[in-house]
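[1] Output the structure for:
(2 chains)
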Amino acid sequence: MAYPTLRMLLSLATAATALTGASVSAQVPGSLPGGLKVTKPDARATGESLVKTELLPAAGLLEAGRPFRLAVVFHVEKGWHTYWRNPGDSGSPPTIDFDLPAGFTASAIEFPRPTIMDGHGETTIGYEGDVAFFVTITPPATFATLSPVPIKAVLSWMVCTDRCLLGRRTVSIDVPVAGTPLVVSEDLKTFHARLPIDAASLSIVAALDGREAIVVEGPAADGTSVRFIPDQTPGVRYGETLPAPVIAQGGRFRLRVPIEVRPGDATGKPLRAAGLVTLDPASGPVGPSTEISLSLGGTATSADHPTPPSR
Amino acid sequence: MKNLSKTLALVVASGLAATVAFTVVAQNTAPAAPAKQEGTKESRKEMKKEEKATEKASRAEVGKPAPNFTLKTTGGKEWSLSDAAGKIVVLEWCNPECPACQRVSSDGTVLETIRGATEASKDVVYVMINSSAASTTSLEGTAAYLKEHKINTPALLDSEGKVGMMFGAKTTPHCYVIDSKGVLRYQGAIDDGNGGTKGKMNYVVNAVKQIAANETVSPAETKAYGCSVKYKK
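    Numbering: from 1, shown residues only, chains lettered A, B, ... in the order given. The predicted model follows:
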């Protein structure tokens, strides 16, 4: 039995994206009630026209019980940006709602390392230009069929420049069962390389200093800038939108981020301090990043983000 | 002469506001920094430092009296926070050009918030504030926008953005709930949704209910989502 090649899959995914099309959820300023006048040249842009989307296989092989990765790629119009899971002072992160066959489950979105964007007295965290978000799909322990598995997802996003627009689109893909490894394309590899890696592989250790601070320590080349980008964790505050970085010296770094715990603001969720630790060498390309998640029950836990499948 | 009248009016307004237990730190009444010689780098730095300190001192903070302010409504009338003394006040920063505001207005979230708040307490005043002075179309379109969405509340134009900055409003929508004693009790998102999706829990209605029941407001602070406030550049 012949299985579709990756190229065919990509074409199918692109076609599906185009066919399912846009259901416009945001009004453009030019069409606002009240007769507002807009003179900007891109006034007719919509959230959908600014962001082309693709749902692609990213890694793995679809076999019973074996997790594999899908990528949601945003091709974003130049000059516009989308957001990380904590957008910073303003913005809104993208959402992906999957419609999966029975027995399949999807992980939370795996966000690649974001960029810090400063401007007009505010700090936002996100992605300038194209970006890929990853999701790990876990099939059930057994399959009843060898037919390709249909996966559908509703994507929504906020895209901003000096103004913002919302976009929403349904994308779908048919993933073949076994036989054809879902190889990561060259384009996706770039985005894939920006995913956080396991803290242990960087010999980084994170712990709580009581309920006063997070302390992250580890080896790093002198001059490396180490930064903590906080998550949105209800009931835990990190002072500034973006705590100040530290510079590694003597082959090590120690980052202490003061926190303020307010259980009353936790909205019933477990109290935890979490975020992304990024390491940037003094020169050269951006360095690695790793997730930190510490339970405020008093015990340090490993990152509670999904364990990624092998790349 | 005109300036003198303004000053006198502000002094009277300040006195009145103080009697109704609001802390009067309006943008116009903040104490002026002592005059310094301009020109040197150090003096400019010093002045900026003092400006920042004054700004920080007058910044709204949950658990503390909300700073009073006076702004003009879209109809041209003056509206002061102190006018609503004895009532629960909900301030919602909005910008007709922001899709997150359009979302909360068009999907019924704002009307449900107003209804939920007024059901929880008879004495609730819901006020919209537009500090998006970087866009004149946003300011000009405020009244028509609210009419279009059948939102019948006072709408204030913060054309200098000073009140927005005094409250630390970062996004549209960004909400604040002030109790009948003038104390800021909640600040943050209108609900637990996001820019494009309606939430399940309405934080503003929750805060008003808890204030009306004389309870601790929980959550008292959440992360507001939406577009940045387009302050005057």
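[2] show me the contacts for the spatially most central residue of chain B.
    Among the residues of chain B, the one closest to the centroid is B:Leu91, at 5.0 Å (CA atoms, centre = their mean). Counting by CB atoms under 8 Å, 6 or more residues apart in numbering or on different chains, B:Leu91 makes contact with B:Val127, B:Ile129, B:Phe167, B:Cys175, B:Tyr176, B:Val177, B:Ile178. (C-beta placed from N, C-alpha, C; glycine too.)
[3] what separates A:Ser92 from chain B, distance-wise?
    From A:Ser92 across to chain B, the span is 3 Å (CB to the nearest CB, to the nearest Å).
[4] ok, that residue touching B:Asn194?
    Yes: assessed by CB atoms under 8 Å, A:Ser92 is found in contact with B:Asn194 at 4.5 Å.
[5] and these two? which has more neighbours close in?
    Between A:Ser92 and B:Asn194, A:Ser92 has the larger neighbour count (other CB atoms under 10 Å in any protein chain shown), namely 28 against 23.
[6] Look up phi and psi at the residue nearest to the more buried one when sequence neighbours are not counted.
    Nearest non-adjacent residue to A:Ser92, counting by CB to CB, 6 or more residues apart in numbering or on different chains: B:Gly195, 3.1 Å away. Main-chain dihedrals, B:Gly195, degrees, to the nearest 10: phi -50, psi -40.
[7] Is it correct that B:Gly195 is in contact with A:Gly91?
    Yes: contact criterion CB under 8 Å: B:Gly195 and A:Gly91 qualify, at 7.4 Å.
[8] Mutual contacts of those two, please.
    With CB under 8 Å, 6+ apart as the test, B:Gly195 and A:Gly91 both reach A:Met158, A:Cys164, B:Tyr225, B:Gly226, B:Cys227.
[9] Who are the contact partners of B:Leu139?
    B:Leu139 neighbours (CB under 8 Å, 6+ apart): B:Asn130, B:Ser132, B:Ala133, B:Leu157, B:Ser159.
[10] now swap in A:Gly251 and tell me
    A:Pro219, A:Ala220, A:Ala221, A:Asp222.
[11] May I see the residues you listed arranged in TSV, with neighbour count and distance to chain B as well?
    Shown next, in TSV, are the contacts of A:Gly251 (neighbours: other CB atoms under 10 Å in any protein chain shown; distance: CB to the nearest CB, whole Å):
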residue	neighbour count	distance to chain B
A:Pro219	14	33
A:Ala220	24	30
A:Ala221	13	34
A:Asp222	13	32
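[12] Excluding residues flanking it in the chain, which one is nearest the residue nearest to the centre of chain B?
    In space, and not counting its chain neighbours, B:Leu91 is closest to B:Tyr176: 4.3 Å by CB to CB, 6+ apart.
[13] That neighbour - that's part of a helix, no?
    No: residue state for B:Tyr176 (DSSP: H, G, I helix; E, B strand; the rest coil) corresponds to strand; a helix is not indicated.
[14] ok, what's across the strand from it?
    Beta-bridge partners of B:Tyr176, counted by DSSP bridges, are B:Leu91, B:Gln187.
[15] Near it, how many other residues are there?
    B:Tyr176 is flanked by 25 other residues according to other CB under 10 Å.
[16] quick one: pLDDT of it?
    B:Tyr176 carries a pLDDT value of 98.
[17] Ok, A:Thr39 next?
    Predicted confidence (pLDDT) for A:Thr39: 37.
[18] give me the low-pLDDT residue ranges for the chain?
    Defaulting to chain A. A:1-42, A:145, A:178-184, A:298-311 (pLDDT under 70).
[19] Chain B was what I was after
    B:1-57.
[20] those helices in it, which residues are they?
    With DSSP state H as the criterion, chain B has helices at B:2-19, B:41-57, B:99-106, B:109-120, B:136-140, B:142-148, B:162-167, B:203-212.
[21] ok so, going back, my read is that the residue nearest to B:Leu91 contacts B:Val90, right?
    Yes: with contact defined as CB under 8 Å, B:Tyr176 and B:Val90 form a contacting pair (7.2 Å).
[22] which residues of the stretch 1-150 of chain A fall in helices?
    For the stretch 1-150 of chain A, the helices defined by DSSP state H, counting those that start in this stretch cover A:6-20, A:47-50.
[23] Provide a PyMOL selection command restricted to the buried entries of the contacts of B:Leu91.
    Selection of the buried residues among the contacts of B:Leu91 in PyMOL, burial being defined by 16 or more other CB atoms under 10 Å in any protein chain shown:
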select buried, chain B and resi 127+129+167+175+176+177+178
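[24] so which of the contacts of B:Leu91 comes closest to A:Val171?
    Each of the contacts of B:Leu91 was scored against A:Val171 by CB to CB, and B:Cys175 proved nearest at 33.4 Å.
[25] any idea how far the closest one is from B:Ile129?
    When distance is defined by CB to CB, to the nearest Å, B:Cys175 is 10 Å away from B:Ile129.
[26] same thing with B:Ser121?
    The value you get for B:Ser121 to B:Ile129, if CB to CB is used, is 21 Å.
[27] Also A:Gly239?
    A:Gly239 sits 26 Å away from B:Ile129, going by CB to CB.
[28] Kindly report the same for B:Arg103.
    Relative to B:Ile129, B:Arg103 is positioned 18 Å away (CB to CB).
[29] thinking again about what came up before, intersection of neighbour lists for B:Cys175 and B:Ile129?
    Counting by CB under 8 Å, 6+ apart, the shared contacts of B:Cys175 and B:Ile129 are B:Leu91, B:Glu92, B:Trp93.
[30] of all those, which comes closest to chain A?
    Set against chain A, the nearest of the shared contacts of B:Cys175 and B:Ile129 by CB to the nearest CB is B:Trp93 (11.1 Å).
[31] what sits against the closest one?
    Applying CB under 8 Å, 6+ apart, the residues near B:Trp93 are B:128-131, B:164, B:167, B:169, B:171-175, B:229.
[32] ok, which of the residues you listed also contact chain A?
    Restricting those to those within reach of chain A (CB under 8 Å from any CB of the partner chain) leaves B:Thr171, B:Val229.
[33] Do I have it right that B:Tyr231 meets B:Val163?
    No: with contact defined as CB under 8 Å, B:Tyr231 does not count as touching B:Val163 (10.9 Å).
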